[in-house]
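[1] Dropping the sequence and predicted coords here.
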Amino acid sequence: MPIYEFQCEECGEIFEELIFGNDFEGIVCKKCKSPKVKKLISRTSPKTSSGSGSSCSGCKGGSCSTCH
């Protein structure tokens, strides 16, 4: 079950929601309760073999493009 980020079109609040399946119905702003929200495009964080997510085997210090 992925966590999605949403932004309220009324007050600008950004919040997260745990979504079961593709059920985006009924999501309202946590701050002002407005139903006018849009789903934001979020970056994903790939799981590394070490599980830490801070660096990969292709670089030193987690600064290459494959680490992010």
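    All right, it came through fine. Since the model is a prediction, treat every value here as computed from it, not as a measurement.
[2] Give me the below-cutoff pLDDT ranges for the chain.
    For the chain, applying pLDDT under 70 flags the ranges 1, 44-68.
[3] at 80 what do you get?
    The chain contains residues with pLDDT under 80 at 1, 42-68.
[4] now the strands: where do they sit in it?
    Here the chain has its strands, by DSSP state E, at 3-8, 14-18, 37-39.
[5] which helices and strands does the shortest one pack with?
    Packed against strand 37-39, as judged by 3 or more Cβ pairs under 8 Å, 6 or more residues apart in numbering; DSSP states H and E, are the following elements: strand 3-8. Any C-beta I mention is one placed from the backbone N, CA and C, and that applies to glycine too.
[6] Contacts for the strand it packs on, please.
    The contact list for strand 3-8, computed with Cβ atoms under 8 Å, 6 or more residues apart in numbering, reads 13-19, 24, 27, 29, 31-32, 34, 36-40, 42.
[7] before we move on, the earlier item: from the strands of the chain, which stretch is densest packed?
    strand 3-8 (a mean of 16; mean count of other Cβ atoms under 10 Å).
[8] Next, the angle from it to strand 14-18.
    140 degrees (axes from the mean of the first three to the mean of the last three Cα atoms, to 10 degrees).
[9] Partner strands of strand 3-8 and their direction?
    strand 14-18 (antiparallel), strand 37-39 (antiparallel) (DSSP bridges).
[10] Let's have these in TSV, adding distance to residue 8.
    Below are these laid out as TSV (distance: least, Cβ to Cβ, whole Å):
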stretch	distance to residue 8
strand 14-18	8
strand 37-39	5
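[11] Can you give me the buried ones in stretch 17-26?
    By neighbour count on 16 or more other Cβ atoms under 10 Å, the buried set for stretch 17-26 is residue 17.
[12] Now do that stretch: distance from first to last residue.
    11 Å (Cα to Cα, to the nearest Å).
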